[in-house]
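[1] task: produce atomic coordinates for the following.
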Amino acid sequence: MEILTRQSFMCLKNLQHLTIAENKTFQKIQCRVIDFTQSKIEFVADGAFDGSHIDTLYFFNNKLLSHNYFLWCLEFKNLRPSVFSCLNKLENLDISNGSLEIIENGAFIGLEKLKSLTLSSNKLTHIGRNIFEKLINLNSLILRNNKINNIDDKTFDKQTLSTLDLSYNELKFISKYTFYGVKCKWLDLSNNKLTSIESGAFENINLDNLYVGNNDKLIENYDAWNVDESKIQTDCIIQGILRICTKLNSLSSVDVIIHDFSPDFSLPSSKLELSGISSIGRNAFNNSNINVYFKILEIHYTGNHEFIIYPESFESLINLEDLILNVGATTLTSNLFDKLKSLKYLKIQVIETIQYLSQVLINLKSLRTLEIIGNKTIGICQNVYSKNISNSIVDIRYVSGEIDELPENSFICMPQIEVLTITKTNLLIIQAGVFNLLKLKITFTHLAANQVTRQRYNDDI
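    Numbers count the residues shown, from 1 in each chain. Modelled structure (predicted):
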């Protein structure tokens, strides 16, 4: 299909989601018009029209229209004025992986409720100034992987976007007026052919993240661009659908690269596992487009230097439940985990030179399981802050380390403990009275792989 006309979508006035992509049922046919109006069609298979040349296709008044999106996968080269004018309830439009070359002024007339527009993986070369002016509620604009080499000045004027993705195009120059008048949180210009960005190009845009990586000839002048250097990402890798960015080996941002928009978008996993970093930067997750999806964060580090984290490292991870730090000993600082209001499981090896572990745990009101690696002693209840530890902790584990004795009152501040594990240590002596306060609650005790013998247990166990 080469042309969509104004009549192509007439009468679909209640449609909310439309995807035009690639398909396989009426394959390799040549036809000017195919009319499926009132045909009781409920499903169009992927690739239904692969290899076909069709000028106009009608799908009016079919049960298919009640679905959130279509997988028609039809190819066309031109979007003409008012082509979507009947779809005044449409919120999400995806025209990806096709042959689209030209968007005429007025093509999006009638789409005042549109929130997301994806035009990725087409053959666009030029974006004209007035193309998007009618999209007053647009939030996400994805133009990645085209051949765009020219964007008119003030093309995005008066738009307020969370995401503007222009990555994998052929842009060479950004003028001070290219993004004039736009408000945008997340701007991706990576993997272009940029050599120069004019002074003031990003002034007053309110960017949270600017991606300019893989523009090998770009001369970086952050001050002249009017962007805080902390918000500029240049060293990024792709891990599945995630873009993970670092600065000097410190994690600086994590985002999903949305190739094809889906109204029911979800991550394949709620777990994020990272390695190869030596610290988590301040606000690394604060501006992420998926921070609320993560429930498990696991980090591996085996370097010679101490792994560094800050209280701000966990900003906005409001649903994180498990934090697994396989990173060696970490210095505890004030309010280190206070941002993690939903945290239920914490695995950590600690250095208590600045703060006691008990101080850091005070505000973790949802924490249930605490796993402490490599300690020399069990002193969690042996300082003035211990009495304030949350009573939500019911499972405490000490694994490895040089612990050789379990003193009386080791857990006097945690009478609610139900599960106690001390394993792979040098534990040899268990003093009398250790378990007196725990008798009513404790349901499981694991003391395997230590040096203690049964004769050394006391009557209170």
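[2] what residues does Phe173 make contact with?
    Contacts for Phe173 (Cβ atoms under 8 Å, 6 or more residues apart in numbering) come out as 194-198. C-beta coordinates here come from the backbone N, C-alpha and C atoms, glycine included.
[3] how far away is the closest residue to Leu438 other than its chain neighbours from Thr160?
    Residue nearest to Leu438 in three dimensions, not counting chain neighbours: Ile417, with 5.6 Å by Cβ to Cβ, 6 or more residues apart in numbering. Computed as Cβ to Cβ, to the nearest Å, the Ile417 to Thr160 distance reads 51 Å.
[4] again, but for Leu320
    Separation of Leu320 from Thr160 (Cβ to Cβ) stands at 29 Å.
[5] quick revisit: tell me the buried residues within the contacts of Phe173.
    194, 197 (16 or more other Cβ atoms under 10 Å).
[6] how is this structure partitioned into domains?
    Domain assignment of the chain by automatic domain parsing yields the ranges 265-366, 368-461.
[7] highest average neighbour count across those domains?
    Of all the domains of the chain, domain 265-366 has the most neighbours on average by mean count of other Cβ atoms under 10 Å, namely a mean of 18.
[8] average model confidence for it?
    Across domain 265-366, pLDDT averages out at 90.
[9] returning to what we had before: before we move on, what SS does the residue nearest to Leu438 have?
    coil (DSSP: H, G, I helix; E, B strand; the rest coil).
[10] how close does it sit to Ile378?
    Distance of Ile417 to Ile378, given as Cβ to Cβ: 12 Å.
[11] show me the strands in the stretch 251-400 of the chain, by range?
    Assigned by DSSP state E, counting those that start in this stretch, the strands in the stretch 251-400 of the chain fall at 271-275, 279-280, 296-300, 322-331, 345-351, 369-373, 395-399.
[12] for the spatially most central residue of the chain, which non-adjacent residue is spatially closest?
    Nearest residue to the geometric centre of the chain (Cα atoms, centre = their mean): Ile290, 3.0 Å. Leaving aside its chain neighbours, Ile290 sits nearest to Val256 (4.9 Å; criterion: Cβ to Cβ, 6+ apart).
[13] so the one you found makes contact with Ile244?
    No. Between Val256 and Ile244 there is no contact under Cβ atoms under 8 Å: 10.7 Å.
[14] burial of Phe202, as a residue count?
    The number of residues packed around Phe202, counting by other Cβ atoms under 10 Å, is 25.
[15] what of Glu101?
    The number of residues near Glu101, taken as other Cβ under 10 Å, comes to 17.
[16] reformat the contacts of Phe173 as TSV; add distance to Ser342.
    Formatted as TSV, the contacts of Phe173 follow (distance: Cβ to Cβ, whole Å):
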residue	distance to Ser342
Leu194	40
Thr195	46
Ser196	45
Ile197	40
Glu198	44
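[17] flag the shaky bits of the chain, pLDDT-wise.
    Scanning the chain for pLDDT under 70 picks out the ranges 1-76, 258-268, 439-440, 453-461.
[18] ranges for the helices of it?
    222-225, 357-361 (DSSP state H).
[19] quick one: buried residues of the first one?
    If I follow you right, that is helix 222-225. Across helix 222-225, burial judged by 16+ other Cβ under 10 Å covers 222, 225.
[20] thinking again about what came up before, I'd like the strands of the stretch 251-400 of the chain as JSON lines, with distance to Ser250 appended.
    Converted to JSON lines, the strands of the stretch 251-400 of the chain look like this (distance: least, Cβ to Cβ, whole Å):
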{"stretch": "strand 271-275", "distance to Ser250": "11"}
{"stretch": "strand 279-280", "distance to Ser250": "4"}
{"stretch": "strand 296-300", "distance to Ser250": "12"}
{"stretch": "strand 322-331", "distance to Ser250": "13"}
{"stretch": "strand 345-351", "distance to Ser250": "19"}
{"stretch": "strand 369-373", "distance to Ser250": "22"}
{"stretch": "strand 395-399", "distance to Ser250": "27"}
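[21] with neighbour numbers in mind, choose between Val256 and Ile244.
    The neighbour count for Val256 versus Ile244, taken as other Cβ under 10 Å, is higher for Ile244 (21 against 15).
[22] for the more buried one, give me its contacts.
    By Cβ under 8 Å, 6+ apart, the residues touching Ile244 are 236-238, 251, 253-254, 274.
[23] which of these are buried? Put it as a PyMOL command.
    Those of the contacts of Ile244 that count as buried under 16+ other Cβ under 10 Å are selected in PyMOL with:
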select buried, resi 236+251+253+254+274
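[24] how deep is the closest residue to Ser85 other than its chain neighbours tucked in, by neighbour count?
    Take Ser85 and drop its neighbours on the chain: the residue closest to it by Cβ to Cβ, 6+ apart is Gly110, 3.6 Å away. Neighbour count for Gly110, taken as other Cβ under 10 Å: 20.
[25] distance check, Gly110 against Pro81.
    To Pro81, Gly110 is 10 Å away according to Cβ to Cβ.
[26] just Leu124 next, same as before
    Here the criterion is Cβ to Cβ. By it, Leu124 lies 17 Å from Pro81.
[27] and the two? Which one has more around it.
    Between Leu124 and Pro81, counted using other Cβ under 10 Å, the more crowded position is Leu124 (19 against 13).
[28] so what's that one up against?
    100-103, 143, 146-148.
[29] which of the residues you listed are buried?
    The buried subset of the contacts of Leu124 - by 16+ other Cβ under 10 Å - is 100-101, 103, 143, 146, 148.
[30] and the two most separated of those residues?
    Using Cβ to Cβ, the two most remote members of these are Glu101 and Leu143, lying 13.3 Å apart.
[31] now Gly213: how far from Glu203?
    Look at Gly213 and Glu203: by Cβ to Cβ, they are 22 Å apart.
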